[in-house]
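# After the sequence you'll find the predicted model.
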Amino acid sequence: MPELPEVETVMRGLKQRVLGRRLAAVEVLNPLVIAGPADDFAAGLSNRSVAGLRRKGKTLAIELEGRNGQPSCYLLLRLGMTGQVILTPQELPLQPHTHVRIFLEPGSEEIRYRDVRRFGRLRCCTSQELETIWDRLGPDAPEISEAQFFEATRHRYGSVKSWLLNQQMLAGLGNIYADEALFEARIHPLTQPARLSAASARRLHRAVKNVLKRAVNRQGTTFRDYLDIEGRPGNFSVRLKVYQRTGQPCRRCGRPIRRLVIGGRSTHFCPHCQPRPRRVAVPRSSKRVARKPQY
DNA sequence: GCAAGCCTGACC
DNA sequence: GGTCAGGCTTGC
């Protein structure tokens, strides 16, 4: 699942391999993964050179030079759950679920977008549209200051787990790193953000940055689908302490890791190392059930 | 049946 | 406006 470290790894790969090259032609095999009309998408990108690469949260932007006096534009990529960006020689056979091909010049390589579950989206946008889209996201997780982080937890009464996944608070975390950061900070996932002390918030802020930094250094996590642009898996998987380790011994205390569903997301934590606070976030539906008269 | 990011719509 | 459930999707 491409979260910030995986997207960062893809971006670094593209920076090395496609910066300065021209998108000679764009072929959309499945318009479902394109936001807006596929024809406009292909026409908008074709015959432009890659001028730069940017990332905010899990979103990747490929900056394309202006052509014929037009301003520059961006190819915006959101990989969703199973999206892959692959740099490959054009002659290699297409793998199933390949939805977009972008032919590069000079050379005989292409960028392929492959996405089994098709939750990802590609779009062509102006720099103004890019800003609008990115303004809807909170600060990029590695950039957020401790003060900003703490401030964002105030008056938030859902679970800290859902809060970490909310891209408007903080951009870049998905299910893997949210669980890992909470474990590292020793915070129970059902804790209400508003009830985090300054000290707990500081631990969480540091844990988020730490986990992301370590994962970036190891080229991300491959749990099932993620591969970088050269088809290599990430190496952080072996470092995971709680994610998908239900029933296995906690690496800190040896007690079994437990699984909870929070906000519809499976959540992995150690009940001993992440003790339940006196008061936890309770979803509305459960509240409603609890309010029913008990016979 | 479960995995998951993100969007939509419902509820308070 | 905050929060959450549901739906999308396919392979294991």
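Cool, the structure landed. Note that the structure is predicted; figures quoted are calculated from it, not measured.
# Tell me both backbone torsions, phi and psi, for whichever residue of the stretch 151-295 of chain A sits closest to DNA strand C.
Residue of the stretch 151-295 of chain A nearest DNA strand C, by CB to the nearest atom of the strand: A:G158 (3.2 Å). The C-beta positions use only the backbone N, C-alpha and C, and glycine is treated the same way. The phi and psi torsions at A:G158 (degrees, to the nearest 10) take the values phi -80, psi -160.
# Can you report how many residues lie near it?
As a burial measure, the neighbour count of A:G158 was computed by other CB atoms under 10 Å and equals 17.
# which residues touch it?
A:192-193, A:263, A:281 (CB atoms under 8 Å, 6 or more residues apart in numbering).
# Now a ChimeraX select for only the buried ones of these.
Buried subset of the contacts of A:G158, written as a ChimeraX selection, criterion 16 or more other CB atoms under 10 Å:
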select /A:192,193,281
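# Dump the contacts of A:G158 to a markdown table, plus distance to DNA strand B.
Rendered in a markdown table, the data for those read as follows (distance: CB to the nearest atom of the strand, whole Å):
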| residue | distance to DNA strand B |
| --- | --- |
| A:Q192 | 17 |
| A:P193 | 18 |
| A:G263 | 8 |
| A:A281 | 15 |
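# out of the contacts of A:G158, who's nearest A:T221?
Using CB to CB, the shortest approach to A:T221 within the contacts of A:G158 belongs to A:G263, at 20.9 Å.
# wait, the closest one sits on A:L165?
Yes. When contacts are counted by CB atoms under 8 Å, A:G263 is listed as touching A:L165 (7.2 Å).
# for chain A, what are the low-confidence residue spans?
Scanning chain A with the threshold set as pLDDT under 70 gives A:284-295.
# Show me the domain layout of it.
A:4-135, A:146-269 (automatic domain parsing).
# Leaving out sequence neighbours, find the closest residue to A:G234.
Sequence neighbours aside, A:G220 is the residue nearest to A:G234 in space, at 3.3 Å (criterion: CB to CB, 6 or more residues apart in numbering).
# Which residues of chain A lie near DNA strand B?
Chain A has residues A:1, A:3, A:57-59, A:78, A:80-81, A:117, A:119, A:165, A:167, A:174-176, A:243-244, A:259, A:261, A:264-266, A:284, A:288 near DNA strand B, with proximity defined as CB under 7 Å from any atom of the strand.
# Buried ones only from the residues you listed, please, as a PyMOL command.
In PyMOL, the members of the residues of chain A next to DNA strand B classed as buried (16+ other CB under 10 Å) are selected with the following command:
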select buried, chain A and resi 1+3+57+58+59+78+80+81+165+167+174+175+176+243+244+265
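# filter the residues of chain A next to DNA strand B down to the ones near DNA strand C?
Restricting the residues of chain A next to DNA strand B to those within reach of DNA strand C (CB under 7 Å from any atom of the strand) leaves A:81, A:117, A:119, A:264, A:284.
# Let's have those in CSV, adding secondary structure and distance to A:S200.
Listed next are those as CSV, based on DSSP: H, G, I helix; E, B strand; the rest coil; distance: CB to CB, whole Å:
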residue, secondary structure, distance to A:S200
A:M81, coil, 30
A:R117, coil, 35
A:F119, coil, 33
A:G264, coil, 25
A:R284, helix, 25
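# Max pairwise distance over those residues: which two?
Comparing every pair within those by CB to CB identifies A:R117 and A:R284 as the most remote, at 28.4 Å.
# Strands of chain A, residue ranges please.
Remark: strands assigned in chain A by DSSP state E are A:22-28, A:48-56, A:59-64, A:73-78, A:83-89, A:98-105, A:109-115, A:121-126, A:258-262, A:265-269.
# Cheers, nothing more for now.
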